[in-house]
Structure formats: structure tokens, C-alpha cells
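> Compute the structure for the input listed below.
(chains A and B)
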Amino acid sequence: MYDFELVKPKSVDEAVSALAAEDAQPLGGGQTLIPTMKQRLAAPAVLVSTHDIDGMKGVSTDGGVMTVGGATTHGTVAKEAASAFPGLAGLAAKIGDPAVRNRGTIGGSLANNDPAACYPAALLAAGGTVVTNAREIAADDFFEGMFTTALEEGELITVVKFNIPEKSNYQKFEQPASRFPLVGVFVAKHSDEVRVGVTGASEDGVFRWTEAEQALSSNFSAEAISGLTVSADGMIGDLHGTPDYRAHLVKVMTGRAVSAAE
Amino acid sequence: MSKISMTVNGKPASGEAEGRTLLVEFLRGELGLTGTHVGCDTSQCGACVVHVNGEAVKACTMFAGEADGAEVTTIEGMANPDGSLNAIQQAFQDHHGLQCGFCTPGMVMSAAALLKDNPKPSEAEVRDYLEGNICRCTGYHNIVKAIMAASGQDVTAIAAE
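All right, here's what the predicted structure looks like:
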């Protein structure tokens, strides 16, 4: 790993100032970034840790919206979201392993937009908002393909807002070595619509399965999608699974999530 | 290089670290606490698990500078004050919860974190919690048995399958 300067600001303003330096990058829990730096696939000159910014931590609920600080760990979301938004808490409780969940953050996961990350599926399905130091970005406008988001250089996710669904659930088919989903599906039943976020499957990263959303909006049951098929075009193919296999899993995981939704 | 300080196993400790110095490198190289092991160096295996401010973390996937000012507990801090093995360590010995022993420091630290949150875990909960700790000797049955015993539960029904 190449060396860098570690900065530990106490406020968002200090962090944004530090991020203005050349080749500066935010550091959440580092559970993806540090392995990436070890492989020399990333070589920032300055890392700006969000860990000591108290204003970016914690979970709160107000009027059907759950607000999660960008530096909140998966372990904290798993505990603190459990009663108000069990679908999100269940997702957080199965990311990586306990030690990874004690470090990894929601802001880091969303900003990285790994094509097999769990949180992007929840954000798309809940229909949330990413709040940065500069603006608010709707979930539907945030993800722009594999490892790509609407975030500008030096922009920091301070808060993530979720519209809490009436019912929701996340099901992932785990790749057992990495524990990333081969396919993960987040189903959210809102009062006026159903939204389905799919991760792990597409070469374009997380996406909404709109055919299933329409079918489930009129009949929220696993049978409602039994007649649908998912195209293998554009699905990821690798040694863990073919595009056809992933396309098949999208439907299976969606059905399981609908059946388990609470 | 900059100087960083932390409380390790209840005692103040300080040393020099670069930005890129990992916590596990600092503990082993700078402080000489070689009980914490580096197995995979890719945050998969859990041999490097230590506690930072009471929470289990993988010390190979955290920078030493991030732990500046923190309370850190390593395997060297787990024994009782008189030097005898603590309940978890003793249970690992009693139930043969180690073969080569390389993963053991991480297993003990993860077990301690589990039992702090969940003092009487089920066998399934123990296995689930150890998802991020790999024993390359595949000695899991006796590790699970040791952790169940350390929690004061009957382990006669837990047999190698």
C-alpha cells in the first residue's frame, strides 16, 4: 500500500475542507477501501476519516422517514433500525461478518456502489434520498452504474433518508467465500406502490425490476411474479454463476422477499 | 511518521506510525504484541480480531491512526489478573478448541465479543457469529463447544457430526 496522510476531522465542514486537497478521498470504515489500497487499486494522497464526526452517526425516525447518518456502521443500523424498519435492519445484520459490521458504514457502501453491495438495493426500493454536504440526491438519480454514482469529487454523504415501507424484506443468495450477494433483492411495499431493488446481478449495477413492481402493486404475493421471466441480457457472468443463473435467482429471491416481507 | 497513543490492555502505549500503518502492524511491530495474528491480510479470516473501544474489529483492516486515543484489547489482555486463563481461554483448553492454534487469538476475541452481547447463545448463534473467523484446521466443532461451555451451558449434546 502506498502511504498517505490520515486526517480525522470532527465536523462535516472540516471534512469538506480536507477533501479539497488533491487526491483526497473520504474514509468510512475502510472495509472495502483498505483492501483496495492494499492491492494498489486505489492510492489516495489524503484519507479523510468520517469516524469522529458525531453529527454523521446514528439512526432516527420521524414521520415515516428513517434518517441514518452517513458514518453509521452496519452493526448500529442492525440494532437501531430493527423496530421501525426491520427490512433494513435485517439487511444490515447480514453484511459481511460481525467485525466488518462494526467498522463498515452506510455512506461508504453507497458511495462505492459495488455492483454486489447490499445497501443500494434497499435505497432504491425504499425510495430514499442521499444527503450530501452540498445537496439532496433522490435514490433513483444516485446510482449511475458499476462503482459510479452522482457524487462529485470532494462531495460527502452526510445523511441517508429512507421512506419506511409498510412491509419490506431483503433476501440475498450469498457467494459463500466473499459473503457478497450473488443476487440480492430488496422488496418494499409502500402505501401507493411496490418497489423492487436488485443488486449483484447486473453489469450496470443495482436496478429496479419494474415488471415485478407492477405485478406486485396489484397483488402482493409471490404468485404475482410467477409468470414473469428475467432476461439474462446484461447480467453478470463469472466463475460463481452464469448470466442465466443470476437472472433465475432474481425471480427466486424476489419471491422469497415478498413471502418474508414484514 | 507521527506519534500515536492508545490504551492497550489497560496500559498506555504509544509509538510511531505512518498513515498506512495497519493497527495489527502497530500492535505487533511497534508494541511487540505478537499474539494478534495476521492470517489472510484481506479481512476474511479473523485471526487478527481485537477489540477497539469494546467492539470486535479486524486489525488488518483498520489503520493504526484510526485507533489513536482508543481503548484496545488484544489476546494478551484476556487472562485473569493473576495470570491464569480466563473462562473462554480455559474452555478452549478443556474442550480442545484448537489444533494448530493460529486462529485461536481471533477466535477467543470474537467469542468474548459475542458473549458480552449475548451471554447464553445457542449453538446456531455461535456458528453464525464466527462467520468471519476461519479455522484452516477445520476444528469448528470443538471451538463451538468451547464457547458454549464458556457461557456456562451444557455441551454434552454437542458432538462432532
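> any low-confidence regions in the chain?
No chain specified, so I'll use chain A. Counting by pLDDT under 70, chain A shows no low-confidence range.
> should've been chain B
Scanning chain B for pLDDT under 70 picks out B:159-161.
> Please enumerate the strands of it.
Here chain B has its strands, by DSSP state E, at B:2-8, B:11-17, B:49-52, B:55-58, B:71-73.
> all helices of chain A, in order?
Per DSSP state H, chain A has helices spanning A:12-19, A:33-38, A:74-80, A:86-92, A:98-101, A:106-112, A:119-126, A:139-142, A:210-218, A:243-260. These are given in chain order.
> Tell me, how many residues neighbour residue 155?
Here I'm looking at chain A. As a burial measure, A:E155 scores 19 neighbours (other CB atoms under 10 Å in any protein chain shown). In this view, the C-beta of every residue, glycine as well, is placed from N, C-alpha and C.
> not what I meant, chain B
Neighbour count for B:V155, taken as other CB under 10 Å: 19.
> tell me the most buried of the helices of chain A?
Ranked by mean neighbour count, the helices of chain A are led by helix A:119-126 with a mean of 29 (mean count of other CB atoms under 10 Å in any protein chain shown).
> now it, how far from the centre of its chain.
Between the centre of helix A:119-126 and the centre of its chain there are 6 Å (CA atoms, centre = their mean, to the nearest Å).
> got the CA positions of that helix in CSV?
Extracted in CSV, the C-alpha atoms of helix A:119-126 (Å, rounded to 0.1, in the frame of the first residue of the first chain):
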residue,chain,number,x,y,z
TYR,A,119,-27.5,-1.2,0.7
PRO,A,120,-28.0,0.2,-2.8
ALA,A,121,-30.9,-2.3,-3.3
ALA,A,122,-32.6,-1.0,-0.1
LEU,A,123,-32.1,2.6,-1.0
LEU,A,124,-33.7,2.1,-4.5
ALA,A,125,-36.6,0.0,-3.1
ALA,A,126,-37.3,2.3,-0.2
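> And it, what does it pack against?
Packing partners of helix A:119-126 (3 or more CB pairs under 8 Å, 6 or more residues apart in numbering or on different chains; DSSP states H and E): helix A:86-92, helix A:106-112, helix A:139-142, strand A:157-163, strand A:167-174, strand A:181-189, strand A:194-199, strand A:207-208.
> Make a markdown table from the helices of chain A and add distance to B:E25 to it.
Below are these laid out as a markdown table (distance: least, CB to CB, whole Å):
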| stretch | distance to B:E25 |
| --- | --- |
| helix A:12-19 | 24 |
| helix A:33-38 | 12 |
| helix A:74-80 | 24 |
| helix A:86-92 | 29 |
| helix A:98-101 | 17 |
| helix A:106-112 | 22 |
| helix A:119-126 | 30 |
| helix A:139-142 | 36 |
| helix A:210-218 | 48 |
| helix A:243-260 | 39 |
